[in-house]
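Chemist: Could you work out the structure for the sequence below:
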Amino acid sequence: MNAKKILITTESHEIFVLRTDRRDRAYGHCRECDREVEIVTLDQAISISGIRTRDLVRMAEISEIHAIETETGHLLVCKDSLTAGTDPTERSSNESHKSHGTSE
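Modeler: Sure, this is the predicted structure:
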């Protein structure tokens with residue numbers, strides 16, 4: 001019996017709309033939060049959180065923070081998920097567990 005292989009290629013496009021206010025803050029729909037949130041650039045996210053670029057990118061890749069990559073390669077971050085994911089009390093608690101060889 002000869003089996004035929006069929007390769008189907010699809011292409012999809014997504015439109016992401018940003019709205020700005022009078023203070024130049026950007027807002028858009030976060031798919032994970034399922035609501036409109038403030039959207040910040042990667043540079044703004046670094047300034048807000050104090051987390052290094054590579055760590056923020058890793059957090060976005062594992063969905064620890066909500067982000068979207070634009071067609072031109074820029075990373076836009078949901079500010080609500082950023083501030084929730086960078087809670088200093090949560091971070092110090094996790095670091096404490098790691099330093100004692102335990103995990104949550």
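
Chemist: Could I have the CA atoms of stretch 36-44 written out in CSV?
Modeler: What follows is stretch 36-44 as a C-alpha-only set of coordinates in CSV (Å, rounded to 0.1, in the frame of the first residue of the first chain):
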residue,chain,number,x,y,z
GLU,A,36,-7.8,45.9,28.4
VAL,A,37,-4.6,46.6,30.2
GLU,A,38,-1.7,49.0,30.1
ILE,A,39,0.9,47.7,27.6
VAL,A,40,4.6,48.6,28.1
THR,A,41,7.7,48.2,26.0
LEU,A,42,10.6,45.9,27.0
ASP,A,43,12.6,49.0,28.1
GLN,A,44,9.7,50.2,30.2
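
Chemist: where does this structure dip in pLDDT?
Modeler: In the predicted model, the chain carries pLDDT under 70 at residues 1, 12-13, 85-104.

Chemist: ok, residue 44 - contacts?
Modeler: residue 77 (CB atoms under 8 Å, 6 or more residues apart in numbering). Using the backbone N, CA and C atoms, a C-beta is placed for each residue, glycine as well.

Chemist: Off-centre distance for the strand or helix carrying it?
Modeler: Element membership for residue 44 (DSSP states H and E) is helix 42-49. The chain centre lies 12 Å from the centre of helix 42-49; the measure is CA atoms, centre = their mean, to the nearest Å.

Chemist: Can you list the buried residues in the helix or strand just after it?
Modeler: Using DSSP H and E, the helix or strand that follows helix 42-49 towards the C-terminus is helix 53-61. Buried residues in helix 53-61, counting neighbours by 16 or more other CB atoms under 10 Å, are found at 56, 57, 59, 60.
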